[in-house]
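>>> got a sequence here, can you build the structure:
(one chain, ligands or ions: 1)
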Amino acid sequence: MTTPARDLEDKTVLVTGASSGIGRATAVGLAARGARLLVQGRTPERCAEALAEIRAAARAPVELIQADLASLAGVRAMAEEVGRQTDALDVLVNNAGVTMVRRQTTSDGFERTFAVNHLAYFLGTGLLLPLLHAAPAGRIVNVASEAHRFGRLDLDDLDNEKRFSAMRVYGQSKTANLLFNLELARRLAGTRITTNALHPGAIRSNLGRGGGPLLDGLQRVIGLFMKSPEQGARTSIHLASSPDVEGTSGRYFIDCAERSPAAHARDPELARRLWVLSEERVGLAYP
Ligand SMILES: NC(=O)c1ccc[n+]([C@@H]2O[C@H](COP(=O)([O-])OP(=O)(O)OC[C@H]3O[C@@H](n4cnc5c(N)ncnc54)[C@H](OP(=O)(O)O)[C@@H]3O)[C@@H](O)[C@H]2O)c1
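Model (predicted):
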């Protein structure tokens with residue numbers, strides 16, 4: 001086995017959703033490259049297991065930040081804790097995500113998939129921007145999905161009150177990731193911070209689990225044909241660390257190569273309108 005390059009030495013990295021799947025493998029990979037890791041997790045047992053694995057690979061300190069990102073208060077608590085732990089953030093990997101079989105609302109009253117997959121990325125990034133600006137060349141990595149292709153956004157029904165279909169709602173949240181990435185890149189142009197999005201591949205993970213024994217069993221069978229979390233982490237690690245993407249911003253990657261998202265996910269006007277609605281929802285005006 002080759003030893004990973006120490007190209008992230010002296011850099012501080014936050015990975016959300018690092019207790020499981022792709023986020024956990026991303027955190028292990030970045031820790032092995034010498035980064036000082038801040039890892040956000042939620043479920044205590046999964047956090048403990050993941051932390052042990054990440055620390056075993058690490059060459060610098062690894063700190064756990066426990067937070068539930070389904071609530072705006074949880075996202076704010078995470079950002080405050082990051083602020084206590086560091087004066088500068090070199091890389092932010094927005095990765096935590098869910099799929100919901102049935103419609104649920106959060107304590108703030110938002111549909112849960114949209115809240116965790118989009119609003120948490122949006123608010124967390126906004127709150128952490130000053131720390132990213134304080135780094136020599138901050139990088140934001142947004143884990144999106146090819147599922148965006150069947151998730152055209154309806155700005156009049158962001159909480160899917162009119163109709164709910166799990167795959168469509170998940171796809172919409174991933175379209176929101178790409179529109180967020182696009183508008184964020186436009187706003188960050190001329191600064192030292194870049195932002196890029198990616199699809200990790202079809203990866204064996206806990207995503208979609210908890211829908212009942214039948215669905216979970218089916219997922220396990222399908223999982224046999226999927227790629228490993230380590231394979232799923234490659235593009236996130238590439239965007240977080242490679243000199244090849246220095247200065248690249250607002251783009252979408254699959255297998256470490258640039259790809260074009262669906263037309264509805266690269267519509268600048270839609271991106272601006274979603275931005276305004278997101279600011280209202282999270283109660284944060286970006287600088
Ligand atoms: N797997 C795929 O094939 C695939 C394909 C395309 C895109 N993606 C994207 O990849 C990312 C990671 O997913 P994964 O496949 O690795 O799934 P996963 O194994 O279920 O991991 C998801 C992570 O997000 C965390 N999370 C979920 N809800 C949260 C909440 N309310 N507050 C805080 N953390 C929360 C989970 O914490 P707990 O451990 O506490 O649940 C876990 O750490 C997601 O953004 C997903 O949309 C996955």
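
>>> which residues touch Gly171?
By Cβ atoms under 8 Å, 6 or more residues apart in numbering, the contact set of Gly171 is 145, 147-151. C-beta coordinates here come from the backbone N, C-alpha and C atoms, glycine included.

>>> next, work out how far apart it and Met78 are.
Distance, Gly171 to Met78, using Cβ to Cβ, to the nearest Å: 26 Å.

>>> with Phe253 instead?
Distance of Phe253 to Met78, computed by Cβ to Cβ: 25 Å.

>>> what's in contact with the lowest-mean-pLDDT helix or strand in the chain?
Using mean pLDDT, DSSP states H and E, helix 213-223 stands out as the lowest-scoring helix or strand of the chain, at a mean of 82. With contact meaning Cβ under 8 Å, 6+ apart, helix 213-223 is reached by 101, 204, 208-210.

>>> could you list the buried residues of the longest helix along the chain?
Criterion DSSP state H: the longest helix present in the chain is helix 166-188. Neighbour counts over helix 166-188 (16 or more other Cβ atoms under 10 Å) mark 168-185, 187-188 as buried.

>>> ok, now stretch 194-212?
Neighbour-count burial for stretch 194-212 flags 194-208 (criterion: 16+ other Cβ under 10 Å).

>>> ends of it, how far apart?
End-to-end distance for stretch 194-212, by Cα to Cα, to the nearest Å: 40 Å.

>>> get me the contact residues on this protein for the ligand.
Residues of the chain lying close to the ligand by Cβ under 6 Å from any ligand atom are 17, 19-23, 41-43, 46, 68-70, 95-98, 116, 143, 145, 199-200, 202-203, 205-207.

>>> how about the strands in the stretch 151-287 of the chain?
For the stretch 151-287 of the chain, strands defined by DSSP state E, counting those that start in this stretch occupy the ranges 194-199, 251-254, 257-259.

>>> and the helices in the stretch 1-150 of the chain?
Secondary structure of the stretch 1-150 of the chain (DSSP state H, counting those that start in this stretch): helices at 21-32, 44-57, 72-85, 112-114, 120-133.

>>> okay if I get the ones you listed as JSON lines plus mean neighbour count and mean pLDDT?
Output for these, formatted as JSON lines (neighbours: other Cβ atoms under 10 Å; pLDDT from 0 to 100):
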{"stretch": "helix 21-32", "mean neighbour count": "28", "mean pLDDT": "98"}
{"stretch": "helix 44-57", "mean neighbour count": "16", "mean pLDDT": "97"}
{"stretch": "helix 72-85", "mean neighbour count": "18", "mean pLDDT": "98"}
{"stretch": "helix 112-114", "mean neighbour count": "23", "mean pLDDT": "98"}
{"stretch": "helix 120-133", "mean neighbour count": "22", "mean pLDDT": "98"}
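
>>> identify whichever of those lies nearest to His238.
Evaluated with Cβ to Cβ, these place helix 21-32 nearest to His238, the distance being 9.9 Å.

>>> for the closest one, packing partners?
On a contact count with 3 or more Cβ pairs under 8 Å, 6 or more residues apart in numbering; DSSP states H and E, helix 21-32 meets strand 12-15, strand 36-41, helix 44-57, strand 91-94, helix 229-241.

>>> tell me how far Ala147 lies from Gly23.
In terms of Cβ to Cβ, Ala147 sits 17 Å off from Gly23.

>>> what's the answer for Arg192, then?
To Gly23, Arg192 is 25 Å away according to Cβ to Cβ.

>>> try Glu45
Between Glu45 and Gly23 the computed distance is 16 Å (Cβ to Cβ).

>>> likewise for Thr125?
Using Cβ to Cβ, one gets 16 Å for the distance from Thr125 to Gly23.

>>> show me which residues of the least confident helix or strand of the chain are buried.
Within helix 213-223, the residues that count as buried by 16+ other Cβ under 10 Å are Gln219.

>>> quick one: it to chain centroid distance?
With Cα atoms, centre = their mean, to the nearest Å as the basis, helix 213-223 stands 24 Å off its chain's centre.

>>> same deal with stretch 155-173?
Stretch 155-173 has its C-alpha centroid displaced from the chain centroid by 19 Å (Cα atoms, centre = their mean).

>>> what mean pLDDT does it have?
The pLDDT scores in stretch 155-173 average 95.

>>> equivalent analysis for stretch 2-16, please.
Stretch 2-16 carries an average pLDDT of 89.

>>> what angle separates the longest helix of the chain from helix 120-133?
Angle, helix 166-188 to helix 120-133, by axes from the mean of the first three to the mean of the last three Cα atoms, to 10 degrees: 30 degrees.
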